[in-house]
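Engineer: give me coordinates for this.
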Amino acid sequence: MTTIYHNPACGTSRNTLAMISNAGIEPTVIEYLKTPPDRATLVKLIADAGLTVRGALREKCEPYEALGLAEDRFSDDELLDFIGQHPILMNRPFVVTGLGTRLCRPSEVVLDILPAAQQGAFSKEDGEAVVDASGRRVK
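Structural biologist: Below you'll find the predicted structure:
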């Protein structure tokens with residue numbers, strides 16, 4: 001089973017979802033702004049992806065600046081509280097497969113954990129080629 005914590009307004013998230021689909025996989029799509037993960041799920045996502053809580057924060061959003069989160073004075077518990085109150089602070093997209101969990105930034109990171117190969121060429125929305133016609137990753 002493949003799950004993506006998705007924001008349809010985010011190009012990186014859309015590209016990641018498209019690469020999952022290009023592998024012939026129909027993932028469970030969780031629009032995390034509408035249905036945020038609970039604290040235990042969030043902690044597991046972050047740990048399984050090998051990140052720190054701070055590493056899972058989205059810096060380029062309004063609450064980040066307003067809350068002063070750039071300052072290194074907040075504990076992990078406090079940062080998790082902020083993410084719980086403002087789900088937009090969770091960086092995205094997180095993808096979970098049987099092969100692992102990753103924060104897919106850049107989007108092609110998802111290729112490392114997909115259980116199926118790409119079924120054809122894929123280019124990002126900006127035109128950058130990621131996968132060639134035979135389904136191989138373009139370096």
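Engineer: could you point out the helix or strand that follows the lowest-mean-pLDDT helix or strand in the chain?
Structural biologist: Ranked by mean pLDDT, DSSP states H and E, the weakest helix or strand in the chain is helix 62-66, scoring a mean of 93. Once helix 62-66 ends, the next helix or strand along the chain (criterion: DSSP states H and E) is helix 76-85.
Engineer: can you list the neighbours in contact with that following helix?
Structural biologist: 36, 39, 42-43, 52-54, 56-57, 63, 67, 69, 74, 89-90 (CB atoms under 8 Å, 6 or more residues apart in numbering). C-beta: built from backbone N, CA, C; applies to glycine.
Engineer: stretch 115-125 now?
Structural biologist: For stretch 115-125, the surrounding residues in contact (CB under 8 Å, 6+ apart) are 2, 11, 14-15, 18-19, 22-25, 97-99, 107, 111, 129-133, 135-137.
Engineer: how long is it end to end?
Structural biologist: Taking CA to CA, to the nearest Å, stretch 115-125 runs 23 Å from one end to the other.
Engineer: same deal with stretch 75-94?
Structural biologist: Counting by CA to CA, the terminal residues of stretch 75-94 are separated by 22 Å.
Engineer: average pLDDT for it?
Structural biologist: For stretch 75-94, the mean pLDDT works out to 97.
Engineer: that older thread, need the buried ones from the contacts of helix 76-85 selected in ChimeraX.
Structural biologist: A single ChimeraX command suffices to select whichever of these are buried according to 16 or more other CB atoms under 10 Å:
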select :36,42,43,53,56,57,67,69,74,89,90
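Engineer: next secondary structure after the biggest helix by length in the chain?
Structural biologist: Looking across the chain with DSSP state H, the single longest helix is helix 11-22. Using DSSP H and E, the next helix or strand after helix 11-22 towards the C-terminus is strand 28-31.
Engineer: what's in contact with that next one?
Structural biologist: With CB under 8 Å, 6+ apart, strand 28-31 has contacts from 1-8, 17, 37.
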